[in-house]
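K.L.:
The sequence and its predicted three-dimensional model are supplied below.
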Amino acid sequence: GLWQCKLRYRTQDEVLSVARQYQKEGIHIDQIVIDFFHWTVQGDWKFDTDFWPDPKAMVEELKEMGIELMVSIWPTVEETSENYKEMEELGYLTRSEHGKRLGQLNVASVIDVTNPDARKYVWEKIKKNYYDLGIKIFWLDEAEPELTGYEFSHYRYFRGADMEVGNMYPKEYARMAYEGMEEEGQENIVNLLRCAWAGSQKYGALVWSGDIHSTFESLQNQFAAGLNMGLSGIPWWTTDIGGFFGANIYDEDYHEVFVRWFEYGTFCPVMRLHGYRMPYQPQLGTTGGAECVSGAPNEIWSYGDDVYEICKKYIEIREAMRPYTRELMEAAHEKGSPVMRPLFYDFPEDKTCWDNESEYMFGPQILVAPVMERGQKTKEVYLPAGTKWTNVWTKEVFEGGQTVTVETPIEQIPLFTKEGFELEV
């Protein structure tokens, strides 16, 4: 189902009001996400109770609505954090070859996740302040880690110099939460990260493509990135539907980008709506959970009635596909099969499929040809040889091995299913 997110929900009341509105609209969402700076200080890893007075009650109400809560975790620790001094003394912070650790990312230092004791220390904080409240999925942000200055020769980890071992950071960051959750007896562990490395999939890493621009050009890049990620052995992948930077919710031109991205996002491993939209909202204060600004509303009703109706339809399509997507996730878990993959993965004998860069398969049964250009009214779609294909919208049946031209009204993404499989829309 849909994961609802924005930069950023500022209070407990905001999160619950959004969840209640989705329920009132009769629209099911699987997750709602609390982004960064909900905390007191970076490195405390806990809610600021001035704005989140009863997190446990919030989690419980969301669960009653069938919604899980995801919370953002950052690997940063400010000097004013209640944990900074102890972590510094125990050697749990990334070292700088010269000068202070502080300033690795703005005013903060970064935890050293290559140190197993540091991983356990941070997990215990997360467990106490989030997990024990009923929060069972995390957004492990800043997984590269992000740095103020990318002077890699200046940083040193427990496992060695950054220049030698730095690429393992996102994998060990994922491992920190995964092993902690596994120790608690949790199964089917998935956490969201902005970066990955070889082997990250072992630790339940769902990778998203980062803070990208809200343009058709950026959407085209996501199309390629998602397919490459799946072929690299990491099947769990997603984007910020609508992009992250540069969009105003009242801009009619942007609405076209948003709708086309939402349609594409319906056929990604995870359907996740996120972004830092304009016009920005004012800060609620200057400290703790109010230190950061917030973007404009980013719910499906934020873009007008026409966009709302289209988004609602695609959420219903995603819900109808739930048994199918579960099969795909099971295959990804057991065999490493990418959920979304280039045409040649399923049709290796068809030479035309090896050159196709505008379509993909969502599992073995559904061919997706996203619209990734402004004002596009039709699209040529190649149908692989060896089977018959049904246009999901018109119910027309075509022999494979040919290119067909399909209409692309704003509310339709070109979709075809293989003979013997039906997709209700």
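P.N.:
Looks like it arrived, so ask away. Please read all numbers here as calculations on a predicted model, not as lab measurements.
K.L.:
contacting residues around residue 406?
P.N.:
Residue 406 makes contact with 369, 378-381, 391, 414, according to Cβ atoms under 8 Å, 6 or more residues apart in numbering. (Each C-beta comes from the backbone N, C-alpha and C, glycine too.)
K.L.:
Ramachandran angles for the closest residue to residue 153 other than its chain neighbours?
P.N.:
With sequence-adjacent residues excluded and distances taken as Cβ to Cβ, 6 or more residues apart in numbering, residue 153 is closest to residue 163, at 5.6 Å. Backbone dihedrals for residue 163, given as degrees, to the nearest 10, come out at phi -60, psi -20.
K.L.:
Secondary structure and pLDDT for the contacts of residue 406 - can I get that in TSV?
P.N.:
Shown next, in TSV, are these (DSSP: H, G, I helix; E, B strand; the rest coil; pLDDT from 0 to 100):
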residue	secondary structure	pLDDT
369	coil	98
378	strand	98
379	strand	98
380	strand	98
381	strand	98
391	strand	98
414	coil	98
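K.L.:
From the residues you listed, keep the buried residues only.
P.N.:
Buried members of the contacts of residue 406, counted by 16 or more other Cβ atoms under 10 Å: 369, 379, 381, 391, 414.
K.L.:
outside of the helix or strand of the chain with the lowest mean pLDDT, which residues touch it?
P.N.:
Ranking every helix and strand in the chain by mean pLDDT, DSSP states H and E puts strand 95-96 at the bottom, with a mean of 93. Residues from elsewhere that reach strand 95-96 (Cβ under 8 Å, 6+ apart): 101, 104, 112, 154-157.
K.L.:
From the residues you listed, which land in strands?
P.N.:
Assignment to strands by DSSP state E places the following of those there: 155-157.
K.L.:
Going by distance to residue 294, which of these wins?
P.N.:
Residue 294 lies nearest to residue 155 out of these, by Cβ to Cβ, at 31.4 Å.
K.L.:
Run a quick check on the closest one versus residue 104, I expect a contact.
P.N.:
Yes - contact between residue 155 and residue 104 holds when scored by Cβ atoms under 8 Å: they sit 7.2 Å apart.
K.L.:
overlap in contacts of those two?
P.N.:
Residues touching both residue 155 and residue 104 (Cβ under 8 Å, 6+ apart) are 94, 96, 147.
K.L.:
If the second one is in a bridge, with which residues?
P.N.:
Translated: residue 96. Residue 96 forms beta bridges with residue 155, as assigned by DSSP bridges.
K.L.:
Check the gap between it and residue 147 for me.
P.N.:
For residue 96, the distance to residue 147 (Cβ to Cβ, to the nearest Å) stands at 11 Å.
K.L.:
for the stretch 101-250 of the chain, what spans make up the strands?
P.N.:
Taking DSSP state E, counting those that start in this stretch, the strands of the stretch 101-250 of the chain run over residues 108-110, 137-140, 155-157, 160-161, 191-193, 205-208, 237-238.
K.L.:
Counting by contacts, list what the last one packs against.
P.N.:
Yep, that's strand 237-238 we're talking about. Packing contacts for strand 237-238, counted by 3 or more Cβ pairs under 8 Å, 6 or more residues apart in numbering; DSSP states H and E, involve strand 205-208, helix 216-231.
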